[in-house]
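Chemist: After the sequence you'll find the predicted model.
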Amino acid sequence: MARTGKRLAAANESIDRAAYYSLEEAVKLVKDNAKAKFDETVEVAMNLGVDPRHADQMVRGVVQLPNGTGKSVRVAVFAKGDKADAAKAAGADLVGAEELAETVQKGEIDFDRCIATPDMMAVVGRLGKVLGPRGLMPNPKLGTVTPDVEQAVKDAKGGQVEFRVEKAGLIHGGVGKASFSYDDLLANTKSFIDAVVKAKPSGAKGVYVKKVALSSTMGPGVKVDVANATGAE
């Protein structure tokens with residue numbers, strides 16, 4: 001425990017907690033200070049000027065990180081026949097129809113992403129109370145309700161990240177691992193921030209992106225200059 005405290009104290013000394021860094025500087029600081037014994041996840045957090053209780057201020061979408069997430073994603077697919085075969089061939093971890101729905105209904109959810117063909121939504125729709133709160137409900141706008149399950153599985157496995165604003169206007173997501181190269185981490189972080197900026201809803205008034213910060217699993221947060229991060233300067 002003391003060793004962890006010393007490591008965090010040393011990291012804090014290298015970061016001015018009151019300062020706002022450029023995105024390039026922030027990525028370097030977070031990467032340099034990720035010194036845990038495991039490969040830490042690097043995460044970006046954004047405070048948005050929206051109230052997601054209003055439908056026209058909801059921020060939600062997907063982004064394909066150019067260098068992947070660094071973690072394996074378990075994918076479940078609701079499909080039948082040829083579509084089920086295509087999903088399996090693409091690397092889906094769980095594939096099924098009514099029998100898979102029964103498993104999920106029991107609360108057995110051993111997957112990170114859920115995809116469905118359009119004809120399966122009558123079955124999947126009954127799972128809303130189970131999948132919805134976990135952010136796993138397939139959605140056409142996110143590309144997770146699609147006849148092209150093969151591509152959807154490849155996207156999910158290849159670094160596609162979903163984002164959704166929370167009650168307090170906060171969005172956060174993993175953009176890679178500390179072991180990634182600086183260039184790869186920077187590219188992923190830019191892609192995530194750009195996707196959130198492009199997803200600005202019609203009802204957002206005033207300042208849209210209020211704060212941006214980067215951190216690793218065990219490291220301190222680094223505040224990022226918003227104008228620099230969003231290209232608004």
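Modeler: Looks like it came in fine. Numbering: from 1, shown residues only.
Chemist: what ranges do the strands span in the chain?
Modeler: Using DSSP state E, the strands of the chain run over 41-48, 60-64, 75-78, 94-96, 113-116, 160-164, 170-177, 209-216, 222-224.
Chemist: Which strands or helices does the last one pack on?
Modeler: Just to be clear, that refers to strand 222-224. Where contact means 3 or more CB pairs under 8 Å, 6 or more residues apart in numbering; DSSP states H and E, strand 222-224 is packed against helix 23-32, strand 209-216. For glycine as for every other residue, the C-beta is placed from the backbone atoms N, C-alpha and C.
Chemist: The same query, at a cut-off of 10 Å, please.
Modeler: Packing partners of strand 222-224 (3 or more CB pairs under 10 Å, 6 or more residues apart in numbering; DSSP states H and E): helix 23-32, strand 41-48, strand 209-216.
Chemist: between these, which gets nearest to Asp183?
Modeler: Minimum separation from Asp183 across the helices and strands packed on strand 222-224 (CB to CB) falls at helix 23-32, 9.4 Å.
Chemist: tell me the angle the closest one makes with strand 209-216.
Modeler: Interaxial angle, helix 23-32 versus strand 209-216 (axes from the mean of the first three to the mean of the last three CA atoms, to 10 degrees): 30 degrees.
Chemist: which of the residues in stretch 131-142 are buried?
Modeler: Under the neighbour-count criterion of 16 or more other CB atoms under 10 Å, stretch 131-142 has 131, 136-138, 142 buried.
Chemist: out of the strands of the chain, which comes closest to Ser14?
Modeler: With respect to Ser14, and counting by CB to CB, the nearest of the strands of the chain is strand 222-224 at 10.0 Å.
Chemist: Next, the residues that contact that closest one from outside, please.
Modeler: Residues from elsewhere that reach strand 222-224 (CB atoms under 10 Å, 6 or more residues apart in numbering): 11, 14-30, 33, 44-46, 189, 193, 211-216, 230.
Chemist: No further questions, thank you.
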